[in-house]
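Undergrad: Only the shape, not the letters, is given here:
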């Protein structure tokens with residue numbers, strides 16, 4: 001009986017430590033990562049193991065002998081070995097086609113090995129082709145997948161005459177371009193229905209295009225139509241498009257923006273859960289910040305065409321008649337077109353930084369206008385006139401408690417919505433570009449314990465990989481592509497802030513993309529081993 005108990009204990013110990021059979025000592029690896037804690041991306045509890053890589057693939061996960069042959073060794077003792085993170089909503093794809101920016105440093109230092117470009121409807125098949133050719137010629141630091149984009153396709157078919165519904169003939173031309181993009185390997189169709197020209201389409205147009213994605217087992221990704229004034233209705237439209245097209249739907253950079261939507265994350269969660277219970281795959285992605293895109297107060301001013309020549313903003317704001325014209329254009333758009341105040345409004349805009357008005361940081365524009373008994377546009381005008389330096393704002397403020405509420409949902413993945421940054425970047429931007437993934441692991445896992453480390457990594461790896469059809473990535477598993485991040489779970493952190501949005505994350509030691517070291521001991525190697533990765537059916 002004692003022998004039986006001893007055997008059971010040994011089996012349990014071997015399973016918990018990942019003590020698998022050793023490979024033959026004659027087997028050689030290109031790289032052997034020793035002694036780290038493997039968190040494999042599935043949500044499974046971490047375990048101690050070695051990882052062997054050969055020809056860009058993971059070929060072994062287990063325990064190796066002390067003298068196991070390999071060309072290169074990495075000691076990962078005390079560190080986490082995880083699949084490279086997948087950023088499912090990135091605005092870096094175009095920038096890294098420039099040879100000088102090809103390494104994609106801002107995301108590599110967060111542990112990201114694959115970015116998905118073309119969100120918000122941004123890329124046509126022709127644009128995707130040009131980017132793929134540039135990556136092939138110059139090399140690229142991260143892998144890149146693409147959505148094919150409704151806005152770019154609509155613009156190419158309809159030209160400048162886009163402020164209307166498309167005709168049947170135009171929709172057929174757009175459908176053909178969606179098919180072309182999917183044939184090239186796109187992961188799905190993306191839309192930016194808040195922006196021109198997509199904002200002038202109707203739901204039926206988008207459903208018709210999304211149906212072209214189904215034969216390729218792709219997904220529908222939506223920057224929804226009116227995320228502030230019609231928050232739940234816009235999310236419902238995205239779900240409906242996916243359902244009627246017969247494909248999964250992903251609501252991009254989900255958030256309950258603005259004072260009027262406070263508390264509505266609970267309604268959103270109920271809506272998604274109901275869709276999922278009915279058998280329709282609905283998911284979201286999210287960045288871990290309480291503010292959306294950044295701007296300055298001057299950046300929300302729309303200048304009418306007749307005022308554009310020789311325009312000086314402060315002079316115009318000081319003129320009552322010109323201020324009225326600027327107010328009309330800024331609040332309603334030119335000929336019904338896009339404008340930030342029209343899209344999100346004063347009750348969604350919060351001051352994030354100001355050297356002239358430090359006491360106003362954290363205030364919503366709508367609150368300030370009410371306190372000072374001013375028309376909101378007059379408030380903005382007076383703040384601009386009285387400031388010597390730019391006043392930074394977020395265009396879509398979110399309550400922190402709702403950021404956390406959404407982050408806990410098992411169907412919510414992590415994405416940055418970030419732009420290109422590197423160590424030389426200066427000036428404006430959003431801290432999400434350099435901080436997203438490190439912030440989740442440092443603040444929301446280690447400090448707040450909102451998520452377990454295993455669950456957070458699942459949201460960054462196997463979950464997005466499976467949703468997008470990148471089935472050869474997202475797991476530490478034999479046969480998968482060797483996209484690997486090795487980091488210190490005790491120190492990984494974001495450093496970027498609203499005032500200094502371009503500071504690089506810390507705590508990631510090594511990053512491998514397709515088996516090659518892109519970041520080694522915290523330093524870029526110059527290896528540009530990324531590539532275009534198509535959806536796998």
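TA: That came in fine, so what should we check first? These numbers come from a predicted model, not from an experiment.
Undergrad: Distance from the lengthiest strand in the chain to the middle of the chain?
TA: The strand that spans the most residues within the chain, counting by DSSP state E, is strand 29-38. Relative to its chain's centre, strand 29-38 lies at 29 Å (Cα atoms, centre = their mean, to the nearest Å).
Undergrad: Please apply the same query to stretch 36-52.
TA: Relative to its parent chain, stretch 36-52 has a centroid offset of 24 Å by Cα atoms, centre = their mean.
Undergrad: what do you get for stretch 192-209?
TA: Centroid separation between stretch 192-209 and its chain, computed with Cα atoms, centre = their mean, is 21 Å.
Undergrad: Pretty sure residue 395 sits against residue 342.
TA: No. Residue 395 is beyond contact range of residue 342, at 11.6 Å (criterion: Cβ atoms under 8 Å). Quick note: C-beta positions are derived from backbone N, CA and C, even for glycine.
Undergrad: separation between residue 163 and residue 224?
TA: Using Cβ to Cβ, to the nearest Å, one gets 20 Å for the distance from residue 163 to residue 224.
Undergrad: So which of those two has more stuff around it?
TA: residue 224 (23 against 13; other Cβ atoms under 10 Å).
Undergrad: Now the more buried one: closest residue in space that isn't a chain neighbour?
TA: residue 234 (3.7 Å; Cβ to Cβ, 6 or more residues apart in numbering).
Undergrad: now swap in residue 343 and tell me
TA: Of all residues beyond its chain neighbours, the one nearest residue 343 is residue 194 (5.6 Å), with distances taken as Cβ to Cβ, 6+ apart.
Undergrad: How about residue 209?
TA: On the basis of Cβ to Cβ, 6+ apart, the spatially nearest residue to residue 209 that is not a chain neighbour turns out to be residue 178, at 5.0 Å.
Undergrad: same question, residue 317
TA: Of all residues not flanking residue 317 in the chain, residue 381 sits nearest, at 4.5 Å (Cβ to Cβ, 6+ apart).
Undergrad: got it, and residue 345?
TA: The shortest distance from residue 345 to any non-neighbouring residue, by Cβ to Cβ, 6+ apart, is to residue 228 (6.0 Å).
Undergrad: Then residue 305?
TA: residue 334 (6.8 Å).
Undergrad: Contact partners for that neighbour?
TA: By Cβ atoms under 8 Å, 6 or more residues apart in numbering, residue 334 lies in contact with 302, 304, 305.
Undergrad: picking up where we left off before, based on its surroundings, how many neighbours for the residue nearest to residue 224?
TA: 19.
Undergrad: Secondary structure element holding it?
TA: If you go by DSSP states H and E, residue 234 is part of helix 231-245.
Undergrad: Show me how the record splits the protein into domains.
TA: Domain ranges of the chain: 85-291+398-422+452-473, 294-394, per automatic domain parsing.
Undergrad: Do I have it right that residue 300 meets residue 380?
TA: Yes. If you go by Cβ under 8 Å, residue 300 and residue 380 touch, sitting 7.2 Å apart.
Undergrad: Shouldn't residue 49 be within a strand?
TA: Yes. Counting by DSSP: H, G, I helix; E, B strand; the rest coil, residue 49 is part of a strand.
Undergrad: so how far is residue 64 from it?
TA: Between residue 49 and residue 64 the computed distance is 9 Å (Cβ to Cβ).
Undergrad: what's the overlap in contacts for these two?
TA: By Cβ under 8 Å, 6+ apart, no residue touches both residue 49 and residue 64.
Undergrad: In contact with the residue nearest to residue 224: list those residues for me.
TA: Per Cβ under 8 Å, 6+ apart, neighbours of residue 234: 193, 224, 225, 226, 227.
Undergrad: ok, residue 229 touching residue 348?
TA: No. Judged on Cβ under 8 Å, residue 229 makes no contact with residue 348 at a distance of 9.6 Å.
Undergrad: The stretch 101-250 of the chain: helices as residue ranges?
TA: Using DSSP state H, counting those that start in this stretch, the helices of the stretch 101-250 of the chain run over 105-108, 125-138, 150-158, 168-183, 203-210, 231-245.
Undergrad: Can you list the buried residues in the fifth one?
TA: Using 16 or more other Cβ atoms under 10 Å as the test for burial, helix 203-210 gives 205, 206, 207, 208, 209, 210.
Undergrad: can you give me the mean pLDDT across it?
TA: The average pLDDT for helix 203-210 rounds to 98.
Undergrad: Over to the second one?
TA: Helix 125-138 carries an average pLDDT of 98.
Undergrad: What count of nearby residues applies to the residue nearest to residue 209?
TA: Neighbourhood size, residue 178 [other Cβ under 10 Å]: 26.
Undergrad: for residue 169, same thing?
TA: Using other Cβ under 10 Å, residue 169 is surrounded by 9 other residues.
Undergrad: Distance of it relative to residue 159?
TA: 14 Å.
Undergrad: Next up, the contacts around the closest residue in space to residue 492 that isn't next to it in sequence.
TA: Of all residues not flanking residue 492 in the chain, residue 507 sits nearest, at 2.9 Å (Cβ to Cβ, 6+ apart). By Cβ under 8 Å, 6+ apart, the contact set of residue 507 is 438, 441, 442, 487, 488, 489, 491, 492, 493.
Undergrad: quick one: which of those residues has the most company?
TA: Most neighbours among those, by other Cβ under 10 Å: residue 441, with 31 neighbours.
Undergrad: got a pLDDT number for that residue?
TA: We have a pLDDT of 98 for residue 441.
Undergrad: The closest residue to it other than its chain neighbours and residue 509, how far apart?
TA: Leaving aside its chain neighbours, residue 441 sits nearest to residue 492 (4.9 Å; criterion: Cβ to Cβ, 6+ apart). Using Cβ to Cβ, residue 492 is found at 10 Å from residue 509.
Undergrad: same check, this time on residue 111
TA: Distance of residue 111 to residue 509, computed by Cβ to Cβ: 10 Å.
Undergrad: tell me, how many neighbours does the nearest residue to residue 524 once chain neighbours are set aside end up with?
TA: Distances taken as Cβ to Cβ, 6+ apart put residue 103 closest to residue 524, at 5.7 Å, once the chain neighbours are dropped. Residues near residue 103, counting by other Cβ under 10 Å, number 24.
Undergrad: I'd say residue 103 and residue 530 touch.
TA: No. Residue 103 is not in contact with residue 530 according to Cβ under 8 Å; the separation is 9.1 Å.
Undergrad: Between these two, which contacts overlap?
TA: Joint contacts of residue 103 and residue 530 (Cβ under 8 Å, 6+ apart) are 141, 518.
Undergrad: how far away is the residue nearest to residue 305 from residue 163?
TA: Residue 334 sits 11 Å away from residue 163, going by Cβ to Cβ.
Undergrad: for residue 298, same thing?
TA: 26 Å.
Undergrad: Quick check: phi and psi at the residue nearest to residue 345.
TA: Main-chain torsions, residue 228, degrees, to the nearest 10: phi -110, psi -60.
Undergrad: same check, this time on residue 518
TA: Torsion angles, degrees, to the nearest 10, at residue 518: phi -100, psi -30.
Undergrad: Neighbours of it, how many?
TA: Per other Cβ under 10 Å, the neighbour tally for residue 518 reads 25.
Undergrad: what's the answer for the one 3 residues further on, then?
TA: When neighbours are defined as other Cβ under 10 Å, residue 521 has 9 of them.
Undergrad: who's in contact with the residue nearest to it when sequence neighbours are not counted?
TA: The shortest distance from residue 521 to any non-neighbouring residue, by Cβ to Cβ, 6+ apart, is to residue 509 (6.5 Å). By Cβ under 8 Å, 6+ apart, the residues touching residue 509 are 79, 486, 487, 488, 519, 521, 522.
Undergrad: picking up where we left off before, just the ones in strands from the contacts of residue 507, please.
TA: residue 487.
Undergrad: For residue 113, see how far away the spatially closest residue to residue 340 that is not a sequence neighbour is.
TA: The spatial neighbour of residue 340 that comes closest, neighbours along the chain excluded (Cβ to Cβ, 6+ apart), is residue 300 at 4.7 Å. For residue 300, the distance to residue 113 (Cβ to Cβ) stands at 36 Å.
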